Structures are given as structure tokens and as C-alpha cells.
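In: Got a sequence here, can you build the structure:
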Amino acid sequence: MVLMGIIGICNAILLVAGLAWCSVLPSAAGQGPVFNVVDFGARGDGITDDTEAFVRAWTAACGARGSSATLLVPPFKSFLVGPTRFNGPCASTRTTVLVIGTITAQPASSWAWAGKNYWLMFYQVDGLTVTGNGGVLDGRGHTWWSNKCKDDTQNCIPEAPTSLVLMSCHNAEVSHLTSKDSPQMHIAVITSRTVSVTQLTITAPGDSPNTDGVHIDRSENVQITGSTIGTGDDCVSIGPGCRFVTVDGIVCGPGHGVSVGSLGKNGAMESVEHVDVKNVHFINTMNGARIKTWPGGRGYAKSISFTNINFTNVDNPVIIDQFYQDRGLPNMAAVALSNITYTNLQGTSSQKTAVDFDCSGIGSCTEIHVKYVAITASDGRATEARCRNAQGDTYGYVNPRIPCLIS
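Out: Numbering: from 1, shown residues only. This next block holds a predicted model:
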């Protein structure tokens with residue numbers, strides 16, 4: 001149950017198989033004990049429900065005192081786990097969940113999902129690391145997607161859960177994991193502060209519903225870096241109440257792009273500020289750099305930048321949509337957008353319209369700055385920009401020309 005036991009297992013595996021997965025343990029377990037879910041009764045055969053074993057292992061790891069403690073999900077096994085909330089606060093300064101094997105979700109038909117909109121949730125855990133060395137979270141989303149509820153009938157599956165949720169967690173990291181086929185969003189960071197999401201591989205079919213890669217909500221100081229994300233919805237979505245968010249070094253596709261919003265649904269008062277999206281490559285996505293707000297919304301989204309962006313065959317490379325899912329009236333109230341900067345954007349658009357700024361007529365899109373843009377059509381033809389009610393300027397070479405901005 002403690003580190004010496006893990007080292008013994010490692011040595012045996014190394015002698016038989018010559019594998020080096022145990023080399024990650026010293027840094028993860030370092031100065032504290034390691035709690036292997038197998039020692040708490042987990043079978044890892046992909047059939048037995050291992051949920052309670054994971055809860056027992058978490059209780060022990062979270063309660064361990066000292067500078068650090070580690071919950072270990074070992075390799076060569078698939079652990080069947082239902083919806084689980086891992087509660088904090090924990091006793092140690094740093095609590096690590098080290099996933100080397102596979103954690104597999106129970107199918108949508110399981111009774112365990114009743115009333116749950118999450119699969120694995122970490123709640124009020126400060127100093128949390130969820131990391132892996134080949135570890136996989138398999139959400140088995142295909143058991144949800146084909147029978148999604150569209151009305152109140154009893155013959156469909158209710159709202160699908162998000163795979164991994166960090167709620168009210170501070171000083172946290174999610175890294176070096178693969179998340180595949182989440183029933184809904186893959187990773188959600190909610191009401192959290194100082195969070196790093198890095199070196200992830202996130203995959204789901206391009207037609208899978210609402211499978212956002214990383215969603216951020218009411219959180220600040222969040223960094224999403226160095227990851228490959230291909231899903232059926234936004235690769236990254238930045239929701240209301242977010243501040244100081246960085247998205248850097250992402251490959252996105254398929255998917256709906258990197259989106260700020262949607263904001264202001266049902267007239268809500270919402271805000272987003274200080275968002276920096278840079279060094280992103282969009283490949284065969286529906287959208288690229290997108291800001292979306294609902295008609296009638298209130299509040300603001302400001303100080304947002306998109307820098308060093310590449311597009312390959314993207315349907316809508318650059319888009320501001322203040323009429324998201326509701327064309328409404330052109331002069332309705334809207335979330336005020338200001339100080340939005342686009343710098344060094346290049347690549348190809350699958351559609352003729354490569355830049356689309358569609359803003360409310362009440363002057364809610366101001367200080368839109370566009371610098372150095374070169375977007376051509378995938379077939380080699382010229383592209384165009386569509387622009388309504390946006391106020392701002394362009395600098396340097398900008399193609400296509402944006403008619404409502406000052407050159």
C-alpha cells in the first residue's frame with residue numbers, strides 16, 4: 001500500500017517485461033506514500049465495478065499527511081468506474097492521481113448515472129495533480145450519443161456527463177493524459193484558480209455532440225498548453241466569469257474551434273477578460289477564432305487576443321457572432337466586446353467568407369484591431385470579409401480586406 005510495496009511490484013514487472021513505467025514513481029510519490037487502487041480491491045478486468053475501491057484509495061491518499069501523497073492507477077489494466085466525486089480538502093500539500101492504466105466509464109445504461117452530470121469530479125482539492133504516463137480516460141461516449149434526449153419522453157438517455165471535472169480546485173494541474181470519447185465535455189474547469197492543463201490528447205468523433213475538449217467556467221489564471229484536441233464541439237471553450245486565460249500551442253481539429261462564449265443567454269449579465277489565444281493550428285474545423293454572444297445579453301468581454309494562428313481548410317476562420325443561435329433584432333442589447341486583437345493570422349478557408357464580424361447595431365463591438373492577416377481559399381480563389389457594426393482598425397497587410405474597419 002505504501003511506496004516500498006509499489007517498488008517491489010515495479011521490480012518484478014521490470015524483470016519480466018523490461019518495461020520502464022515505474023520510473024515515473026519517484027517523482028510522483030517522492031516524499032509521500034503511494035496508494036495503489038489494486039490494494040484497495042480494484043480488479044482492473046474491465047468487467048468488475050471498481051468504483052468503491054477507487055473511493056477507498058482516494059480517502060486514504062487524501063487523508064495522508066505530509067508534503068505529498070499519490071493515488072496510483074497501475075498499467076496493463078482497465079478499471080471500470082462509475083460517477084465518482086473525490087472530495088477535498090486533503091491533508092497533504094500536493095495530492096497526485098497518477099494514471100498509467102485505463103479508467104473506463106460505465107455505459108449509459110447503468111443506474112449509477114441517475115442525477116449525475118459528471119464522471120470523475122475533484123471538488124475543493126487544492127494542490128491537485130492528475131497526470132499519466134500513457135494513462136487513458138475512456139468515457140465510452142458511443143453509449144450516449146445515439147440516444148440523446150431531445151424532449152421529455154422516457155425512452156431516451158438524460159444529459160450526458162462530463163468526463164473530468166475540477167470544481168473549486170486551486171493550484172491544480174492536469175497533464176500527460178489521453179481522454180477519449182467523453183459522453184459530453186472532456187474536461188471542465190469550474191470556479192477554480194491557477195490551473196494548468198498541458199500535454200493532453202483529447203479525441204472524439206467529429207459528429208459527437210457537445211464533446212468540448214476543455215471548458216472553462218468562472219475561473220481565473222488557467223493555462224491550456226501543448227495539447228492535441230479533436231472533438232465534435234469546441235476544442236476549447238471559455239465561458240462566463242473567466243479572467244486571465246491562456247491557450248498556447250494547441251492543434252485543434254476536428255471541432256468547432258477555440259470559442260469565447262457563448263455569453264449572455266436569456267439576457268444574463270456576464271463577463272470575460274484577459275484571454276490570450278496563441279500558436280494554435282486549426283485543421284478542418286468548423287470555426288477557428290470565435291467569439292459568440294446571445295442577443296439581449298449584458299456585460300462585457302474585453303482584452304482578448306488571437307496571435308500566430310494557422311488555418312488549414314477551416315469553414316469559418318475568424319468570426320464574431322453576436323446573434324448566436326438567434327438572429328433576433330439587429331439593435332438588441334448585447335454583451336459589449338472591446339479591445340479584441342487579431343495578429344498574424346494565416347492559412348486557408350474552405351468558404352469564400354474567411355472573416356465574419358456580425359455585431360449588434362448598438363455599438364457593442366469596439367476597438368477591434370486586425371494586424372497582418374493572409375487567408376486564402378482552399379481552392380486558391382480569393383476570400384472576402386463580411387462586416388456589420390464592428391468598429392476598429394487594421395494595420396499592415398490584411399487579406400481579405402475588412403470593409404467596416406479603418407485601414
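
In: Could you report the pLDDT at residue 147?
Out: You'll see residue 147 listed with a pLDDT of 71.

In: And it, how close does it get to residue 109?
Out: According to C-beta to C-beta, to the nearest Å, residue 147 stands 9 Å off from residue 109. Glycine gets a C-beta too; all of them are placed from N, C-alpha and C.

In: pLDDT weak spots in the chain?
Out: Counting by pLDDT under 70, the ranges of the chain that qualify are 1-31, 148-158, 327-329.

In: for it, what spans make up the helices?
Out: In the chain, the helices defined using DSSP state H lie at 3-17, 25-29, 51-63, 142-145.

In: Can you list the helices and strands that the third one packs against?
Out: What that stands for is helix 51-63. For helix 51-63, the packing partners by 3 or more C-beta pairs under 8 Å, 6 or more residues apart in numbering; DSSP states H and E come out as strand 34-36, strand 68-73, strand 78-81, strand 84-87, strand 94-99.

In: Which neighbours in the sheet does the shortest one have, and how are they oriented?
Out: Pairing partners of strand 34-36, with direction, according to DSSP bridges: strand 68-73 (parallel).

In: what residue is smack in the middle of this protein?
Out: Centroid check for the chain by C-alpha atoms, centre = their mean gives residue 214 as the closest residue, at 0.4 Å.

In: what packs against the biggest strand by length in the chain?
Out: The single longest strand within the chain, with elements called by DSSP state E, is strand 298-314. If contacts are counted by 3+ C-beta pairs under 8 Å, 6+ apart, strand 298-314 sits against strand 258-263, strand 269-283, strand 287-293, strand 336-349.

In: Run the angle between that strand and strand 258-263 for me.
Out: 150 degrees (axes from the mean of the first three to the mean of the last three C-alpha atoms, to 10 degrees).

In: Can you tell me, leaving aside adjacent residues, what's nearest to residue 389?
Out: residue 359 (4.0 Å; C-beta to C-beta, 6 or more residues apart in numbering).

In: isn't residue 103 right up against residue 140?
Out: No - using C-beta atoms under 8 Å, residue 103 makes no contact with residue 140, being 10.9 Å away.

In: These two: which has the busier surroundings?
Out: Set residue 103 next to residue 140 and count neighbours by other C-beta atoms under 10 Å: residue 103 wins out with 28 against 18.

In: now the more buried one, which residues is it bridged with?
Out: Those that pair with residue 103 in a beta bridge, by DSSP bridges, are residue 79, residue 137.

In: Let me see the contact set for it.
Out: 73, 78-79, 81, 120, 135-138 (C-beta atoms under 8 Å, 6 or more residues apart in numbering).

In: related to what we said a few turns ago, got TSV for the helices and strands packed on helix 51-63, with mean neighbour count and distance to residue 403 too?
Out: Below are the helices and strands packed on helix 51-63 laid out as TSV (neighbours: other C-beta atoms under 10 Å; distance: least, C-beta to C-beta, whole Å):
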stretch	mean neighbour count	distance to residue 403
strand 34-36	24	62
strand 68-73	25	55
strand 78-81	22	54
strand 84-87	18	52
strand 94-99	24	51
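
In: out of these, which comes closest to residue 49?
Out: strand 78-81 (5.7 Å; C-beta to C-beta).

In: and the closest one, how far out from the chain's middle?
Out: Centroid displacement of strand 78-81 relative to its chain, using C-alpha atoms, centre = their mean, to the nearest Å, is 22 Å.

In: picking up where we left off before, columns mean neighbour count and distance to residue 222 on top of the helices and strands packed on strand 298-314, output as CSV?
Out: Shown next, in CSV, are those (neighbours: other C-beta under 10 Å; distance: least, C-beta to C-beta, whole Å):
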stretch, mean neighbour count, distance to residue 222
strand 258-263, 26, 13
strand 269-283, 19, 10
strand 287-293, 27, 18
strand 336-349, 20, 19
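
In: Mind putting these into JSON lines with distance to residue 393?
Out: Below are the helices and strands packed on strand 298-314 laid out as JSON lines (distance: least, C-beta to C-beta, whole Å):
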{"stretch": "strand 258-263", "distance to residue 393": "21"}
{"stretch": "strand 269-283", "distance to residue 393": "20"}
{"stretch": "strand 287-293", "distance to residue 393": "18"}
{"stretch": "strand 336-349", "distance to residue 393": "11"}
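
In: give the contact list for residue 247.
Out: Residue 247 neighbours (C-beta under 8 Å, 6+ apart): 224-225, 236, 258, 275-278, 280.
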